[in-house]
Every structure is written in structure tokens, then in C-alpha cells.
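Q: 3D model of this:
(2 chains)
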Amino acid sequence: MSSMTAPPETDIVARAVDATKIYGAGETEVTALDHVTVEFPAGRFTAIMGPSGSGKSTLMHCLAGLDSLTAGRVLLGEVELGSLSDKQLTVLRRERIGFVFQSFNLVPTLTALENITLPMDLAGRKPDAGWLDSVIKTVGLGDRLKHRPSELSGGQQQRVAVARALASRPQVIFADEPTGNLDSRAGAEILEFMARAVADLGQTIVMVTHDPVAAGYADTALFLADGQIVDTMADPTPEKVLDRLKGLGG
Amino acid sequence: MLRVTLKNFWGHKRRLVGTSLAVILGIAFLSGTLVLSDTMRHSFATLFTQTTQGTDAVVRSSTKIQARGDNVRPPIDESLLAKVRAVPGVQKAIPRIQGLGQIVGRDGKTLGGNGPPTFAGNWLGDKDLDSYHLVAGRAPAADEEVVIDKRSADQGHLAVGSTTQVLTPEPVKVRVVGIAKFASLDNQGGVTFAGFTFHGAQKHVLKRTGKISEILVKGAGGIAQPDLVRRIHAALPTSTETITGKQLNQELQDNVGKAFLNAFTTFLTVFAGISLVVATFSIYNTFSILVAQRSRESALLRAVGASRAQILGSTLAETLAVGLISSLLGFLGGLGVATGLRALFSSFGAQLPGSGLTLKPSVLITSIVVGLLVTVVAGFFPALRAARIPPIAALRDIAIDRSASSRVRLVLGSVLTGAGLVLVITAVIGKGGSYLLQRVGLGAFLLLVGVIVLGPVMAKPAASVLGAPIARLRGITGRLARQNALRNPKRTAGTAAALMVGVAVVTLFTVFASSIKASVNHSVDRTFGGDLVVGPNTRFGPSQGISPKIAAEVSRLPQVSAAVGIGGGLAHVVDKDVFVSVADPLATSRVLNLDVRQGDLARLQPTGMAISKKLADDRSWTVGTKLPVTFPDGAKVTQTVQVIYKSADLAGDYMLPLQAWAPHAPQATDFAVLINLKKGVSIDAARPAVERISNRYPGTKVQDRKQFTDSFAQGINQTLILIYVMLALAVIIALMGIANTLSLSVYERTREIGLLRAVGETRRQTRSMVRWEAILIAVFGTVGGLGLGTFLGWSLVTANSNSSNGLTTFAAPVGGLAGILIVGGLVGVLAAIRPARRAAKLDILRAVAAE
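A: Alright, predicted model coming up:
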């Protein structure tokens, strides 16, 4: 199964073609991705769902150039990641990709603001002041910008992480369980904010999660099991997602 | 608990390697020094036992003048020989003449003279009483025939039949008729030897007939050495003394021990000590970090029921294991160090009997005790900290280190530093007083401890200031590096402290050396306004001196207005054995400006004497004071103080007229001939004429005034290089300490580095980040060391200039200090290589996923 048709009017930001990832060899061989072909359209909020061990994190890591495939291709826009050197991948990550991890998103020695501008600073690029202002305003961190991560709550830290991902206007933001470490209220705040970034700012977000509530904020949900895409769901709701997951045995 | 300890030890073995290396190197240095000095002591014992083998008694003058680590004995009458031979129980008695004489090689260069003495005397050729034996040629039969030692023959490309010169110090034309070995060696531990006939030696070396240096006696079978000595002594006048061969052996060993081995061992041990101090800091730091990184684990152990004592014991056991293993490895390394140094000595010509090393169990014990002490002392406080971790810490994130900014630390550190500064400054400024050096020493120690206590408090502002330009120039990488150096001030300070200690010592020596150079320049400039100098061309200073005839010859040149040969030797003045300068008064008055306060140097009588103002003040001697003087030949004469001078830089405290000295010191030499040219004669015009004279005296060279002062500087620079080499080890240990700390930090920051890489930090930027952090730490330590070393250098120089004449000028060489700063920065760069590469190679995914 495995192919997903994007709405014809949108561009494809990222895609995997026949992507296969095998860890280990022989007896201990584990197939994390099994010939996955998938496309992520621009301006959409896609949730990748699946039970643990389904390969959802591996898929995201490969799409983001953090991990490499055993076989198949991953493309960001028209660039095939497999052909890039470490240096080119690094530059690609900081120029065209934004990241939000589950935890430890921020460099503890830098202030919130410095963390937000980090990818641009690494690139030696001046951030667009107007855009930065509006991102910071949307995230609602105005008065905490000079604080170190250790002085921020978990929710605030994740908001800084999202602001960092947005600040460099990447083609796509990959979020790996962004609410995994938060209570439900702080989690909801982050998810709302991400959804708004997609709706209002036209940002593309790909989020890995196992939480049906989180998936409910997405435009589309993909379901992975045993390294293969088993289903696609438009306009998911927590209930629908939960049902589907139960069907997958997750 | 033991199992936990062992597992810990094994689990962290890679991280412990860095720590161990510091101890291993320090202990290797220490044990190498000890083994080498034992080996050399043993070698010298063997050497002198060979030298005195077969000699049952020695008769010599009972007068001995001893100063500056050197001693002389007057010769005795040849007529005593018959008296000795008449003593019952004496089987054989032969006269020995021993003095100085440098052999000139085929290329016209003098041989030896860079440490061990250059002897000339009579060829004994007695198989019982002489350890030299011919391996080629024959014994000398005429006054100008000599036997020389094999090494001199080899080095100087001389063979039986060669003609050459022996400088005694006048060049004596000789023919080599025999080549001798000393027991099984090519020479006597580096000593060069030229053996004349008995008559030749009296003529050329002793320059007296009817005199000899000593009598060597072999007793008849069955008579004990002490009995023989008693019998001989009874038959001789009290102006002589008789000792047993055994006593002579002991005396020779003691002399070498005092003059060379003790100083040598102390010298090396001091540097081994510095290395170990630096190592202590490195170990302390590593264990602190390991304890911090393991705090969760320790807390978990506490939570499941381990007692504080068990945690303390476990951590201490780990330090003990590191200490023990490293000490053993260090000891083994020390054997290598000793072998290497020994080979180095042999290559310099100081061949000693015996091969292999002398191993005493005490060295092994010392190595292990010191190694254990260093590691346990360094590991104790971190272990205590590990034991204090509460069980609850298992559930918390690792606490942030707050101790750096503690008020207690600030107050204690400031008090210690202040007390040290006050002690040193008052001692130095206060014109000496009692216990001067002790006060300076105590002050320096307090200062060092104070600065180390203050380190973590200083680390934050210092890294902030030093890091500012890096942050500005290197952008985010620089900023991250600065923040990383700032985030754990205690760690930064501890790491930097190791380098600081090393750099402080380097700086101290650099400042001290440049002050000596400046003082020499100063005093030469002040006292000698002349143009040219003839001096010895040995690299290690005047070991023998040059012939006094040179001064006389140069004086007669038409281009020269005046030339004075400055010489000197040991004499007994009133109640002390002292070094006296010797020069022709009239010539001195025309060439040197001694700043004469009383009397007229030009008119100093042969029965007169000149002394420094300081000496005159100290002893309340004035013009007219009569001073009884014993000369090296044993003559007792009264000299009257006629001149008092202020400038003692070149002349020292005592100065005798050449006319008084020469008759009593047949082998008198000059250290240098200082020359004033006539008005209108250029140096270039006069130099060839002086050089023509110099060329006839092997082992001399002509220098202008600048070259003359530079040659002092060269000697000092050579010593300084040797000291730098010794200190390099301490710096290397500090370097490894920085590398180790950084590796641990990188390990600790795995996730953070992974995150940085994920959001776009290139490998190059990652490396640069770690590198700049290392440079910051290194420069922080270097700047501290520069400050501390310069201050201590200043205080030492100032203290010295108050108490003696040698050091007058403090000079901090800007270039040299800047060089040290650059080297400090380079240490950072080198230390960062491995940790930076590791950081850059971190697998991003694993780093992000790491717990």
C-alpha cells in the first residue's frame, strides 16, 4: 500500500521513495523502514503515528538528514539527501529544516533569544528582525528572552524550541514528540501554536507522536506499523486516531 | 562494594588513562632521577675505588683552602719522600704531582673542560699505585713527552708520535709518546689527563723544583692502613697530614657528591616535584569531574543502602588503584629515563665504570609512596564530595555547581593572597632583615595557595573578559566556547591551575635569567669602558682560564693603551677561605672603573690589598688594616688594606695585586684580558693584532665588549634552555590535564553537542568551539602564571639585590613573556585536538537520544 496522493494544488516539500532502513545484520537484523514511499505537501501539518518500534522516528530522522537510509531515496525539495556530505547536510539542516525534540531542545548556556537565533548565528546570517519579532510575539515569550533554559518551565522551553524552528523560516519543521514531556495544558498550548504556524504562516510541519490528542491538531495523520505505512487519515480527531491505533495493536 | 568499585574502575578506564598519565610521567621523572643518581653514585664509588686501589696511605699538606665548591692544597717538600720511605712498613712510596693542564687537539681546540677537570701531572706508571696503564706507546722519558688518556687521543685525533700542546696554562709543546686507559675506561669519568715525566711535571705543572703535590704509599703485606698512617704521621712534620687510601676514596666520593651529584639530584628532583604538583591538580580535577558525573549513580547506591563510608571507601579505593598502577608504570618509565640520561652523559664524554643501572629498593618504595600520596591527596576531596551526595540526588537533575561563588572561598582566598603579598613585599622592600628567604618563601607559598583558592571566583570574570574578543571575532562558536568555559568555574579554574603552576615557574626562571643578563650588562657597562676582550672559548665558562702572558703581550701592542688580565683564586684571609681577584693595579686603574672611594688603585703596593666598600663596612676594616693572608702555596703573608672601591661587580670583595699573588700561585690564570685601545684606534684596526696573539694561545678568543657581555647571556640562555626542557614535562602534564577535562566535558555535553549539530553546527564549528574553550582555559592559566611568576621573579631579584652584588637589575623580558603567552595558547590548541575531534564525530542521533 503505501502511496499517498497530495492535493494537486500544493508543492511537495519532502518525500521518501522506496526508503528502507535496516539496523544490525544477520540474526539481530531489524528492518525499521520497509520500502516506504511518502510525500509531505507544503503548508500542511502532518502527524506520523504508530506504536513504538513502528519506524516513525526513523522515518523522521531520515527525512531530516540526521540518519541515512540503507536503500531508497529521501528528497528535500529537489535535493536528494543521500548524495550530500556531512557538511552539506549540516548546512541544509540549518538553512532549510527546523527541529523540535521531545526534550533537551535548548543549549543550557545560551539565553532564550540566543537559542532562537542559534541556527542563523551558526550560519553567520542576520535574522530578519521583523519576522523574529512576530515569531517571538506569537510564541508569547517577550519578557523571558534573556532567561536561561534552566529558568524556564518545560512548556516555555518547548515554546522557545518552536520559535527557534520557525525563526529561520525553514521549508519544513520536524517535531519529535514535542509534547512528550509536558503536562496536557502546556502540551495543548504548543500544539495550538504549531497548528497556527501552519494555518497562518503557511509553515510545513511533520510531527512524530504516539499521542492521539496531539495528532488531533494535525491536518493529516500517517500510520506506520512494522516499517510500513498502513494508513492515511485526513482531518484526524483524537477519537478516530485512537480507534485506528487500536486496530494496529498499538 | 568492592565489586562496584572494580566495575567503576573498569568502566571508566579510558577516562582514568589521562589521570594515570600525569602520575606516570611525574613518577617516571622522579624515579629516573633517583635511579640515575644512585647509579652515578655507585659508578663514582667504583671509579674512586679503582683510583685508590693499592694505595694504602697518602701524605699531603695539612693546609687546605676551600671556597666556592673548590679547594686547593699547597705542595709539600720532595724531601719528605725519603722520610716516608724510611718508615718501617712502607713497601713503596712514590711522589705525585697534580695540577691543571688542557690538552690541545690536532685541530687546535682544547679538549675537555666542560665539567670534569683537566689534569696534568707526572706519569706514575706504577701498577700498584696508578690506575692508568699504557695501551700504546711508552712512558715519557723527556720533559716534553707526555702520556695522554685514550679518550683525549681519540677526540683530539692524537696518536703516539703526534706533537701538540698542553696548556698549564702557558702552552707547552709536547710529543705524545703513550696512550693510557684508566682501568677499563678510556678516561677517568670525563677527566682529561696529560702525564709528564716527574721532572717535566715539576717544570711545567708545579713550576717548582723540590716540591710535589702528594706522596702515594703502599704498605708492606700484613700492615693495616690505620697503623701505617700512624707510623708515617709520627715521622713527618705537622705541616703534613697522612690519610688512609680508604679515607681518600671516601673523600673523593664526598667531593663529587657535594660538588656535583647533590646539586644535580636536587636540580632534577625540584623539577620532578613541580611536575608532580601539576599532576596533583590534574588528578584532583579528573576525579572531581568523575564524581560529579557519577553523582546520580552514587545517590542511587546511597538510596539502595550504601553508607557514606562505603561510597568514600569505594572512591578512595579507585584513586588508590590509579595511584598504585601509575606509580608502578612510572617507576618502570623511570628506568627508561635513567638509561636515556646515562647514555646522554656518556655521549658527553663522562664515561663511568659499570653498565646497567643501580636499583635500590628504596627508589621503588619512594616512587610508590609518592605516587600514592599524590593521587590520594588529590582524590580525597572529590571522594568526600561523592560521599556527601544525598540519596535524593538520584531523583533530581545534577545540581549546578555553586561553590565557585561562595563567600567563604572569596574571603579565604583574598586573605591568603593578601597575606602572601604583604609578606613578600615587606620582606623584599624592608632591606632584608632576618629570615629573608624564609619570609619570601612562605609568602610565595601563601600567595600560590591563595590564588588557587580564588581561582574559581576569578574564573568567571577572567573567562568573561578573555573570552570577549573570541565571542566577538568567532561569532556564535566563540560565544559558546566562552559560555562553556564559564559554566563550571571550578572546573575551569582547576584545569587552569595546573598550567598556572607550570607557567609561573617558567616565568620565574625567565624573569630571573633576564635580570641576571641585565645585571651583567649593567655591571660590565659600568666598570669596563674598554673595547676588546680576550677570553677562553670554552662554552661552559672559564674552567681553567687563560695564560697571564696574554695580558702582558697585548699591553705591548702599539694600538693598545692599557690591558689588564683579571684572574683570581682561593686564599685564606684573616679567618675565612675566600675567592680573591687578582690583577695588575696600574693596568686595572686604567681599564676598569671600580669607583674607588679611598686610596689610589694605581699605586696599590705589592704588600697592599683592595677591598670592596661593602666588605669594609661589614668587617669595619679601613685603609691601613693589616690582613693576614694564606696563599695557595701555603705561604702566610700580611697584606695592608690600601684601597676601598664601591663597584664590586667584576672585582668581587677582595682584590690582590698580581705582584703579590703570582709568586705564590704558579698555575695562576686570567679569566679574561680587558683591553683599552689608544685614542683614534678603531676596533677593526686593532682586532687583527690582538687576534694574532690570541691565535698563539689555543683555547682563547677575542671579543668586543658586546660579544663579551653576550657570551655571559649565552651561558645563561643555555641554562635556561635546560630548565625549559625540564619544565616542558610539567607543561605537558598540564596539557594532558586540559585534554582530559575537555574530554570529560564533551562526554558530559553529548546531548547538547548533538543538539547543536542537529540545528546546524558543522563539524568544523564544533571543533572550533571545543578548541576555543581549551584556549580560554589555557590562556587563563597562563596569564595567572605569568603574573605570579613575574611577581615572584621581581621579589627574588629585589631581595637578592639588597643582599649581594650579583643581581642588581630587575628585567621582565616582554618578548619572552609574550612568547610564554603564545605557548600557553598553543597548549590549549594541542590539548583540544582529541576532545574536539571526538565532539565533532559524535553521532547526532545517539547524542540527541542519549540519557
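
Q: residues from chain A in reach of chain B?
A: Counting by CB under 8 Å from any CB of the partner chain, chain A comes close to chain B at A:61, A:66-67, A:86-87, A:90-91, A:93-95, A:99, A:101, A:104-110, A:114, A:118-119, A:121-124, A:150, A:164. For the C-beta atoms, the positions are set from N, CA and C on the backbone; glycine is no exception.

Q: which stretches of the stretch 201-350 of chain B form strands?
A: B:211-212, B:214-219, B:240-244 (DSSP state E, counting those that start in this stretch).

Q: mean confidence for the last one?
A: For strand B:240-244, the mean per-residue pLDDT is 93.

Q: can you name every helix or strand that it contacts?
A: Packing contacts for strand B:240-244, counted by 3 or more CB pairs under 8 Å, 6 or more residues apart in numbering or on different chains; DSSP states H and E, involve strand B:57-61, helix B:225-235.

Q: okay, the strands of the stretch 201-350 of chain B in JSON lines with mean neighbour count next?
A: JSON lines is the format used below for those (neighbours: other CB atoms under 10 Å in any protein chain shown):
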{"stretch": "strand B:211-212", "mean neighbour count": "22"}
{"stretch": "strand B:214-219", "mean neighbour count": "24"}
{"stretch": "strand B:240-244", "mean neighbour count": "21"}
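
Q: and the host helix or strand of A:Gly247, what's buried?
A: According to DSSP states H and E, A:Gly247 maps onto helix A:238-248. Neighbour counts over helix A:238-248 (16 or more other CB atoms under 10 Å in any protein chain shown) mark A:241-242, A:244-245, A:248 as buried.

Q: next, format the strands of the stretch 201-350 of chain B as TSV and append distance to B:Gly825.
A: Shown next, in TSV, are the strands of the stretch 201-350 of chain B (distance: least, CB to CB, whole Å):
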stretch	distance to B:Gly825
strand B:211-212	64
strand B:214-219	60
strand B:240-244	60
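
Q: between the ones you listed, which one is nearest to B:Gly89?
A: For B:Gly89, the closest of the strands of the stretch 201-350 of chain B is strand B:214-219, at 5.6 Å, according to CB to CB.

Q: what's the first helix or strand after the helix of greatest length in chain A?
A: Identified as the longest helix of chain A according to DSSP state H is helix A:184-201. The helix or strand immediately downstream of helix A:184-201 is strand A:205-208, counting by DSSP H and E.

Q: just to revisit the earlier point, and the buried residues of helix A:238-248 as CSV, adding pLDDT and distance to B:Arg757?
A: Shown next, in CSV, are the buried residues of helix A:238-248 (pLDDT from 0 to 100; distance: CB to CB, whole Å):
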residue, pLDDT, distance to B:Arg757
A:Val241, 89, 33
A:Leu242, 88, 36
A:Arg244, 86, 35
A:Leu245, 83, 33
A:Leu248, 73, 33
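
Q: need those in a markdown table (columns: distance to B:Leu557).
A: A markdown table is the format used below for those (distance: CB to CB, whole Å):
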| residue | distance to B:Leu557 |
| --- | --- |
| A:Val241 | 112 |
| A:Leu242 | 114 |
| A:Arg244 | 114 |
| A:Leu245 | 112 |
| A:Leu248 | 112 |
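
Q: looking at the helices and strands packed on strand B:240-244, which is buried most?
A: Among the helices and strands packed on strand B:240-244, strand B:57-61 has the highest mean neighbour count (mean count of other CB atoms under 10 Å in any protein chain shown), at a mean of 24.

Q: Provide the strand pairings for whatever helix or strand comes next after it, with the direction of each partner.
A: Going down the chain from strand B:57-61, the next helix or strand is strand B:65-67, by DSSP H and E. Taking DSSP bridges as the criterion, strand B:65-67 forms sheet pairs with strand B:70-72 (antiparallel).

Q: which parts of the strand it pairs with are buried?
A: Under 16+ other CB under 10 Å, the buried positions of strand B:70-72 are B:Val72.

Q: just the residues contacting that strand, thanks.
A: B:64-66, B:259, B:569-570, B:632 (CB atoms under 8 Å, 6 or more residues apart in numbering or on different chains).

Q: list buried residues within the residues you listed.
A: B:65, B:569-570, B:632.
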